[in-house]
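J.: I would like to see how this sequence folds:
(4 chains)
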Number of protein chains: 4
Amino acid sequence: MALMQLTMIPLGEGVSVGKYVAEIQTRLQEEGATFQLTDMATLIEGDVPDLLQLLAKIYETPFEHGAIRVVSNITIDDRRDKTIHIGDKIEAVKKRS
Amino acid sequence: MALMQLTMIPLGEGVSVGKYVAEIQTRLQEEGATFQLTDMATLIEGDVPDLLQLLAKIYETPFEHGAIRVVSNITIDDRRDKTIHIGDKIEAVKKRS
Amino acid sequence: MALMQLTMIPLGEGVSVGKYVAEIQTRLQEEGATFQLTDMATLIEGDVPDLLQLLAKIYETPFEHGAIRVVSNITIDDRRDKTIHIGDKIEAVKKRS
Amino acid sequence: MALMQLTMIPLGEGVSVGKYVAEIQTRLQEEGATFQLTDMATLIEGDVPDLLQLLAKIYETPFEHGAIRVVSNITIDDRRDKTIHIGDKIEAVKKRS
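T.: The predicted model follows:
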C-alpha cells in the first residue's frame, strides 16, 4: 500500500482557491477514499493502481467548477516491504525522538 | 492536451539510479509516448486520462528491476483553452525576450 | 508569511529513511522553527527569506549523517494579502463543508 | 555541485503566466546563473548554498510584477560523490540505451 500526496492549483481563478480544495475533499468522500487534508496537500492511502484510478475520477473536479488551467502536484511513496497507512510515518519518526 | 513531468526515485538502490531512468524511457518508447528527457524529469504530452493510464502501465518498471521503495513526483499542467505540446512553452517564453 | 513543505530523500541509504527525517525534526527544534510533520513532508511557517535561511542551515543534516545523494522537494505557498499559519488552510476548507 | 529545478506559479494572474516565467529568466541572466528552461521548469546548476542565495535574490520577481500569491516548486538533486552539470544526466541515460 502507498501514500499519495495531491495538490491541484487552479490558475487564473483568483488568489483564494479554498473552494476548489473543498470540492476535491467532497469528491474523495463520495468515492469512499481514506484521506487526510494537510495545509499544503491532501494525503490519500491505497494501492497505486487504485490511487491512479481514483485520481482519474476526481481529476475533472476543478474544471467542472470553472477552472481553465490546473497545475497538479502528485507525490507517491510506494514501498513493497510493508504496508503504509496515513499516520504510520509520523508515528515511526516520533518513536525515534 | 496536457504536459506531465515525471520523476521516479528508487530508495535503497544505490546512489546512481540512471539504470532505472533508462528503463522508463524504454517503456515509454514501447508504449509509443511522445516524451522528452530533461536532467531532472521526463516530460510526456497527452490528454490526462491517457497520461494516467500510461503512468499506470509503466509504473511497475522500477519494481520489476529490483526496487522495493519508489518515490514518484508527478506534475501535470493541463489547460483547456489551448493544446500544449512539448516545446511550446519554451517557444512562448523565448518570444518575450 | 508563507508555508514551506519540505521533503529530503536520501538515495542509497536503504529503504527506511525515518532516521533522516527524525534528524531534520531535531534540527528544526534546535533552530526554534514553527513546524509540523505530516506523513509525506514537514511543513514550516515563516517569511520566505527566513525560510530559505533556515533551509540553508538544516540542509546539510542528512549529509552529516552519512547520505551521499539527497533529493529535496520544497513547495512554498506565499501570499501577500494575508498571513498564513500552520492550521489556517485546513480550518478555511473545513468551514466550507 | 547540484541541480535545482524551479517552477513559480502565480495564482489569480490569469491563465497564461509566460510573462512571469520570462521575467525570472531575465533575472537569472542578470545574476550570471547557469540555467536551462524546460517546458515545465527552469534548471539551475550550482552548489546548494549558492543556489539558495540565488533563489532568495530572484524570489521577489513575480511579486514585483504584480503577483499577490505564488506557489513555488523546487527540487534539488545534490550528490557529493561527483559534480553534476546541466546535460550530464541526459548523457548518462543515453549511453545506456
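J.: CA only for contacts and neighbour counts going forward, please
T.: Fine.
J.: in a helix, that's where A:Asp81 is, yeah?
T.: No: counting by DSSP: H, G, I helix; E, B strand; the rest coil, one finds A:Asp81 to be coil, located in no helix.
J.: could you look up the SS state of A:Ile24?
T.: Three-state call for A:Ile24 (three-state DSSP): helix.
J.: please report the distance of the closest residue to it other than its chain neighbours from C:Glu91.
T.: Nearest residue to A:Ile24, sequence neighbours excluded (C-alpha to C-alpha, 6 or more residues apart in numbering or on different chains): A:Thr61, at 6.6 Å. With distances taken as C-alpha to C-alpha, to the nearest Å, A:Thr61 is found 21 Å from C:Glu91.
J.: show me which of those two is the more surrounded one.
T.: A:Thr61 (17 against 11; other C-alpha atoms under 10 Å in any protein chain shown).
J.: so that one touches A:Glu23, yeah?
T.: Yes: counting by C-alpha atoms under 8 Å, A:Glu23 is a contact partner of A:Thr61 at 7.0 Å.
J.: what about A:Val70, how many residues close to it?
T.: Around A:Val70 there are 24 other residues, counting by other C-alpha under 10 Å.
J.: who's it bridged to?
T.: A:Pro10, B:Asp78 (DSSP bridges).
J.: next, show the common contact partners of A:Thr61 and A:Glu23.
T.: The contact sets of A:Thr61 and A:Glu23 do not overlap (C-alpha atoms under 8 Å, 6 or more residues apart in numbering or on different chains).
J.: show me the helices in chain A, by range?
T.: Along chain A, counting by DSSP state H, helices occupy A:18-30, A:48-58, A:61-64, A:88-96.
J.: return the residues of chain A in contact with chain D.
T.: A:10-15, A:68-69 (C-alpha under 8 Å from any C-alpha of the partner chain).
J.: at 10 Å what do you get?
T.: Contact residues (C-alpha under 10 Å from any C-alpha of the partner chain) of chain A with chain D: A:9-17, A:67-71, A:73.
J.: out of the residues you listed, which is most surrounded?
T.: With neighbours taken as other C-alpha under 10 Å, the top of the residues of chain A next to chain D is A:Pro10, carrying 29 neighbours.
J.: how far away is it from A:Phe63?
T.: For A:Pro10, the distance to A:Phe63 equals 9 Å [C-alpha to C-alpha].
J.: can you list residues touching both of those two?
T.: Shared contacts of A:Pro10 and A:Phe63, defined by C-alpha atoms under 10 Å, 6 or more residues apart in numbering or on different chains, are found at A:20, A:69-70, B:78-79.
J.: from those, pick the one nearest chain C.
T.: The closest of the shared contacts of A:Pro10 and A:Phe63 to chain C turns out to be A:Tyr20 (C-alpha to the nearest C-alpha; 9.1 Å).
J.: pLDDT score for the nearest residue in space to that closest one that is not next to it in sequence?
T.: Of all residues not flanking A:Tyr20 in the chain, A:Pro62 sits nearest, at 5.9 Å (C-alpha to C-alpha, 6+ apart). Predicted confidence (pLDDT) for A:Pro62: 98.
J.: is it true that A:Val17 touches C:Arg79?
T.: No: between A:Val17 and C:Arg79 no contact is recorded; they are 11.9 Å apart, counting by C-alpha atoms under 10 Å.
J.: who touches both of these two?
T.: With C-alpha under 10 Å, 6+ apart, A:Val17 and C:Arg79 have common neighbours D:Leu11.
J.: which one of the residues of chain A next to chain D is nearest chain C?
T.: Closest approach to chain C among those (C-alpha to the nearest C-alpha): A:Val15, at 8.1 Å.
J.: need the contact list for that closest one.
T.: Per C-alpha under 10 Å, 6+ apart, neighbours of A:Val15: C:79-81, D:10-13, D:67-70.
J.: equivalent analysis for A:Lys19, please.
T.: Contact partners of A:Lys19, counting by C-alpha under 10 Å, 6+ apart, are A:62, A:65, C:92-93, C:96-97.
J.: I'd like those residues laid out as JSON lines, including neighbour count.
T.: Shown next, in JSON lines, are these (neighbours: other C-alpha atoms under 10 Å in any protein chain shown):
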{"residue": "A:Pro62", "neighbour count": "21"}
{"residue": "A:His65", "neighbour count": "11"}
{"residue": "C:Ala92", "neighbour count": "15"}
{"residue": "C:Val93", "neighbour count": "19"}
{"residue": "C:Arg96", "neighbour count": "11"}
{"residue": "C:Ser97", "neighbour count": "10"}
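J.: ok, so of those residues, who is nearest A:Gln36?
T.: The shortest approach to A:Gln36 among the contacts of A:Lys19 belongs to C:Val93, at 12.2 Å (C-alpha to C-alpha).
J.: would you confirm that that closest one contacts A:Gly18?
T.: Yes: in this structure, C:Val93 is within contact of A:Gly18 by C-alpha under 10 Å, at 5.8 Å.
J.: neighbours around A:Asp81, how many?
T.: 11.
J.: is it true that it touches B:Val70?
T.: No: taking C-alpha under 10 Å as the definition, A:Asp81 is not a contact partner of B:Val70, at 11.4 Å.
J.: just give me the neighbour total for A:Glu31.
T.: By other C-alpha under 10 Å, the residues close to A:Glu31 number 12.
J.: let me see the confidence value for it.
T.: Value listed for A:Glu31 in the pLDDT field: 98.
J.: sketch out the low-pLDDT regions of chain A for me.
T.: For chain A, the stretches with pLDDT under 70 are A:97.
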